[in-house]
Each structure stands twice: as structure tokens, then as C-alpha cells.
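K.L.:
Using only what follows, build the 3D model:
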Amino acid sequence: MDFLSAFGRFIQDQVLGMQWLNELIGAILEALGLKLDSTLGGSLHFFIYDTIKIFVLLSVLIFGISYLQSYFPPERTKRILGRFHGLGANTVAALLGTVTPFCSCSSIPIFMGFTSAGLPVGVTFSFLISSPMVDLGSLVLLMSIFGARVAVVYVVLGLVVAVIGGTLLEKLGMDRYVEDFIKNAPNIELEREKLTRRDRAAYAKEQLLSTVRKVTPYILIGVAIGAVIHNMIPQTWVETVLGSRNPAAVILATLVGIPMYADIFGTIPVAESLLFKGASLGTILSFMMAVTTLSLPSLIMLKKAVKPRLLAAFIGICTAGIILVGYFFNFFQYFFII
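P.N.:
Modelled structure (predicted):
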């Protein structure tokens, strides 16, 4: 058990957390005459270390997950979902969402295709909720900051929100609030293309380069904000607004996160800094969930496909689920953070 515990700690600290890189960059900056406990030195240290770490993790994750995605093109995913009914269909849709695009805007065209193919609206919304919220990249990135226990429970609770959210929308009879042009769109079955390993690797490389181009600005902005929080914002401020002494912190973080647009890679450095400064775990995670699941650009895109009542129900159910997840993590914070 001691060996397994030490091995797990090594994976988290040195492989995912890259503490060796943190120490190396610190040593280089000190050799250049910068003090790490100064505002400038600490900010540069955080910015360089987190930027390199996130891009390394991003490259490995996007390539690996995109290779896996090549086995689940939308046509195949649609056929798989068509075999299931009821709660089982919502569960499978949520699980399939974990191996699909990494932000809500990328998931919406797939959601529209599933809906036009005749899949129940509850099933398609279970997919739409889980896809940006709990993809496999989220699992690994969260492990690098919060550890395996938090990451696994976060993904499980995200899947629960997706399954319950989709089921509720279906029970409420929200199918009739899908726009007519989506329901009446022709369902075209494309012939399945057989891909070789080289084809899959080429697809994964293409997805990696495309994703890096799209997310680079958000990562740099996120790391810059994280550096400011980490080195310039007083800890007492963060603890007062987002700490355990503010019972409304989870609600505040969720409402602040909804209008923003970023993916998991851009929110990680902000989350890391907030945790360091004393923000509650559930407050941080609810902020991340809100940003990735209910970003304003994705809601604008979704509004073109569904009527206002369905859009409002989707936002309300997701917001309530995210807030409940946040309070759950805050209540059990001392169990998760050891």
C-alpha cells in the first residue's frame, strides 16, 4: 500500500502536476536575479510554469482523446444512442459526451444533428450537458490540480447532472420547443468510412492543431489572471468573497461564470490560484462548470435551435445542478482536500 500511495503521489505531483518543471523554472528565474517571493518574480514564475504545463497536458490529451474520438463519429454515436431508451439512453448519451468536443460551442452542431435525426430531446440534452462539462480532458486536468479523488467525483457528479437534466427536460415534454427547421431537417446517412491507424493519427493531429489555435488566447488570458490572483490579490479578499464564510459564494461563482466563454484549459490556472488563496473547493468547481457548460456564445448558438422556453429550462436545470454540486464539494471539502 505504501508503494501504491507513493506511486500515485508521484504521478500526481511529477507527471500531471510537473513539480520538476516548477522547480526548474524557479531555479532559472533566481539565476537571472529575480526573487520568487517578489510580485514580478512570483508572477513570471506562475505564468511561465502554468503556460508550459497546460500546453504539454493539452497536447497529450487532445491527441489521445481525438484518436479515441475517431472511433465515435457523429453517425456512429447516433446509431448507438438509437439502440437505447429511457434512462439508459440518457446515461449512454452522457457517457458518449465525455469523448466528444472540448467546448460547448463545438458540441451544439452535433446536438442539432442528433435532434434532427429524431433522437429524444432529453437524450440529446444529456449529451450536450456532459460534453463540455466532464470530458476526459477535464478528468486529467483536474487530477493535476486537485488530485484523483476530486477529479473522479467531479466527473461522476457531472454525469449525474447530465442524466437528470436530460431526463427532466424529456419528462417536461420539451420536444415541442425545438425549432421546426431542426425537426424537419433531412436525416442523411453517410456511408461509414474505414479509417486506418495512420488516418486516425492524422485526424488526431489535425484536431490538436485546430484546438491549440482556438484555445491559446483563452489559456494565456486564464494564466495571466491566475498570476494576478496568485501574486497580487490579498488572500483575505478571496477568503471573504469565495471562502467558506460566505454561504452565497457558490451561487455567486456560478452566476459570474455563466456569461464567460472559455474551456477547461483556460479555467484551470484561475482555479489553481483561487484554491491557493483560500477559495472553497465547491465554489471553484461550480465556477468552472458554469464557464464550460453555460457560456454566453454557446447559449446564443443554442437559441437558434430551440425556443425560449426550452432554453430557459435548460439554463435553469443546469444552473441548479451546478450549484448543488458546488455545495456538495464545499460540505465535504475536508474529505477531498487532504
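K.L.:
so what does the helix or strand harbouring Ala204 touch, helix or strand wise?
P.N.:
When elements are assigned from DSSP states H and E, Ala204 belongs to helix 197-231. In terms of contacts (3 or more CB pairs under 8 Å, 6 or more residues apart in numbering; DSSP states H and E), helix 197-231 is packed against helix 39-69, helix 264-276. The C-beta positions use only the backbone N, C-alpha and C, and glycine is treated the same way.
K.L.:
after the last one, next one along is what?
P.N.:
Towards the C-terminus, the helix or strand next in line after helix 264-276, according to DSSP H and E, is helix 281-293.
K.L.:
Now do that following helix, average pLDDT.
P.N.:
The pLDDT scores in helix 281-293 average 89.
K.L.:
following that helix, which helix or strand comes up?
P.N.:
Under the assignment DSSP H and E, the closest C-terminal helix or strand after helix 281-293 is helix 296-303.
K.L.:
gap between that next one and the chain center?
P.N.:
For helix 296-303, the distance from its own C-alpha centre to the chain's C-alpha centre is 17 Å (CA atoms, centre = their mean, to the nearest Å).
K.L.:
what angle do it and helix 281-293 make?
P.N.:
Calculated by axes from the mean of the first three to the mean of the last three CA atoms, to 10 degrees, helix 296-303 forms an angle of 50 degrees with helix 281-293.
K.L.:
what packs against helix 296-303?
P.N.:
When contacts are defined as 3+ CB pairs under 8 Å, 6+ apart, helix 296-303 sits against helix 104-116, helix 308-331.
K.L.:
Buried ones in that helix, by neighbour count?
P.N.:
The neighbour-count criterion (16 or more other CB atoms under 10 Å) identifies 298-299, 301-302 as the buried residues of helix 296-303.
K.L.:
Repeat that for stretch 312-328.
P.N.:
Neighbour-count burial for stretch 312-328, counted by 16+ other CB under 10 Å, picks out 313-314, 317-319, 321-328.
K.L.:
so how far is the helix holding Ala204 off the chain centroid?
P.N.:
13 Å.
K.L.:
Give me the contacts around the helix or strand following that helix.
P.N.:
Taking DSSP H and E as the definition, the helix or strand that follows helix 197-231 towards the C-terminus is helix 235-242. Contacts of helix 235-242 with the rest of the structure, by CB atoms under 8 Å, 6 or more residues apart in numbering, involve 229, 245-246, 249, 252-253, 274, 277-280, 283-284.
K.L.:
which one of those residues sits closest to Gly97?
P.N.:
Taking CB to CB as the measure, Gly97 sits nearest to Ile284 out of those, at 22.2 Å.
K.L.:
Determine the number of other residues adjacent to the closest one.
P.N.:
Under the neighbour criterion other CB atoms under 10 Å, Ile284 is assigned a count of 26.
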